[in-house]
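Asker: dropping the sequence and predicted coords here.
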Amino acid sequence: MAFERVCAQDEVSADEALAVLVDDLEVAIAKDGEEFFAIRNECSHAAVALSEGEVAGGTVECWLHGSCFDLRTGKPTHLPATEPVATFPVQLRDGDVYVDVTTSLNGVRPD
Ligand code: FES
């Protein structure tokens, strides 16, 4: 496990993900209520940034074709995407968000 600080908790808004770069990997940081999540910042359908879509109800919506991805599992909740995206462990410490991109929570390879 190699947690790295990626942002302050108050940099992440309720309806939009924050794009961060961790070890050359683009990750989207999002929250659902008080819970924070880290998900690979690339739609599994056509590789656009998920951080540009809307966050709501524990999902992030891809702006291009509208697939939503569950922040907890990385799985698409409807078409056209059919493949999950990688999700990563998050820790909250002293008002900051830390992510470990060396561990995929759902077994999906991030590259
Ligand atoms: S590029 Fe994301 S759903 Fe098509």
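Answerer: Received the coordinates, thanks.
Asker: which parts of stretch 92-100 are buried?
Answerer: Val97, Tyr98, Val99, Asp100 (16 or more other Cβ atoms under 10 Å). (C-beta placed from N, C-alpha, C; glycine too.)
Asker: likewise for stretch 69-87?
Answerer: Under 16+ other Cβ under 10 Å, the buried positions of stretch 69-87 are Phe69, Asp70, Leu71, Thr73, Gly74, Lys75, Pro76, Ala81, Pro84, Val85, Ala86, Thr87.
Asker: just the ones of those residues in helices?
Answerer: Taking DSSP state H, every one of the buried residues of stretch 69-87 sits outside helices.
Asker: hmm, back to that, could I get the buried residues of stretch 92-100 as JSON lines with secondary structure and distance to the ligand?
Answerer: Shown next, in JSON lines, are the buried residues of stretch 92-100 (DSSP: H, G, I helix; E, B strand; the rest coil; distance: Cβ to the nearest ligand atom, whole Å):
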{"residue": "Val97", "secondary structure": "strand", "distance to the ligand": "24"}
{"residue": "Tyr98", "secondary structure": "strand", "distance to the ligand": "27"}
{"residue": "Val99", "secondary structure": "strand", "distance to the ligand": "22"}
{"residue": "Asp100", "secondary structure": "coil", "distance to the ligand": "25"}
